[in-house]
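Q: What shape does this take:
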Amino acid sequence: MITALIIIFAIVFAYGLLLALTQDFKAQGVGNSIFRNSTKITNILFVYPHPDDETMASGGLMNKLSRSPDFNVHAITLTKGEKGKELLNIEDNLLAQQRSSEYSEAVGILGVSQYELWSYPDGGVLENNDLMKKQIEEYISKNNIQTVITYERTGIYGHKDHVALSKAINEIQKENSDLKVFYSTMPVRYEKLLNFPSHIKDLELTKTTYCETPEYRINIWSSVWNKYKAARSHKSQKLSHGYPLWLPLFLLPFEYYTTVYEDPISKF
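A: I've put the predicted structure just below:
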């Protein structure tokens, strides 16, 4: 029985790997050096809107870079995710406490000790855009951040908080030409396969608007176990999108990034 399960897993893994390599063929396989600055140690900031975004979008890369002597890793999450009542239908303040604890556990597993969890309203990032953008700029300046990583222009599936943050980071980069920005993305066929929630999408994003095409593919196999454990720390959230949580993480051990930002409305 065990032998049969191992064989089945091996076949599924081989199929998943083949699927990954054929569907993102144009994405260049790269290592940590693509994210480095010319300085000896690069200060890199991962900034995402909600607890769990950091893990699911960039957990593998965060863990890889946190183990490298070439990087000083920072993480910021803008909200406490108090509206994410996918599994726990409790009061906002109680869910905020729960998700704050989950976030601290997750980033600890990923090896990040320099992190902050801010208190912008979940679902209200755009309404607080000016203050949010100013606060991020101040953090970048204070901590000499040279590289920033966040969601690509559509926020993967159109969540308005994701879109607003991506736009703000793009504007910050335009004002600071020395700042490197990489946007977390995925091959469009993966996006179609995943059952992302639709009730929180920005309605201005049409059904033909997909996330930005990946430029770079990062092999996170050495960090996939820690990413899986970090994802499991977010117990209040349904992160599997219709699949067992381990399936996409272990069978497709890659993360995808691009330096390209295009307006999600005007492009289509």
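Q: Identify the bridge partners of residue 47.
A: Beta bridges link residue 47 to residue 76, judged by DSSP bridges.
Q: Help me confirm that it comes into contact with residue 168.
A: No: here residue 47 does not reach residue 168: they are 9.3 Å apart, not a contact under C-beta atoms under 8 Å. From N, CA and C alone the C-beta is placed, and that goes for glycine too.
Q: Between these two, which has more neighbouring residues?
A: residue 47 (27 against 22; other C-beta atoms under 10 Å).
Q: Now stretch 174-187: average pLDDT?
A: The average pLDDT within stretch 174-187 is 94.
Q: Please disregard the earlier target; I meant stretch 117-129.
A: Mean predicted confidence for stretch 117-129 is 97.
Q: Quick check: end-to-end length of it?
A: 17 Å (C-alpha to C-alpha, to the nearest Å).
Q: What are the boundaries of the helices in the stretch 1-150 of the chain?
A: 2-23, 53-66, 92-109, 129-142 (DSSP state H, counting those that start in this stretch).
Q: Can you tell me how far the residue nearest the centre of the chain is from residue 40?
A: Compute the mean C-alpha point of the chain, and by C-alpha atoms, centre = their mean the closest residue is residue 57, 2.3 Å away. In this view, residue 57 and residue 40 are 27 Å apart by C-beta to C-beta, to the nearest Å.
Q: and what of residue 117?
A: Taking C-beta to C-beta, one finds residue 117 at 29 Å from residue 40.
Q: More neighbours: which of those two?
A: Neighbours per residue (other C-beta under 10 Å) separate residue 117 from residue 40, with residue 117 holding more: 18 against 8.
Q: The residue nearest to residue 39 when sequence neighbours are not counted: neighbouring residues, count only.
A: What sits nearest to residue 39 in space, not counting adjacent residues and going by C-beta to C-beta, 6 or more residues apart in numbering, is residue 146, at 6.8 Å. Using other C-beta under 10 Å, residue 146 has 22 neighbouring residues.
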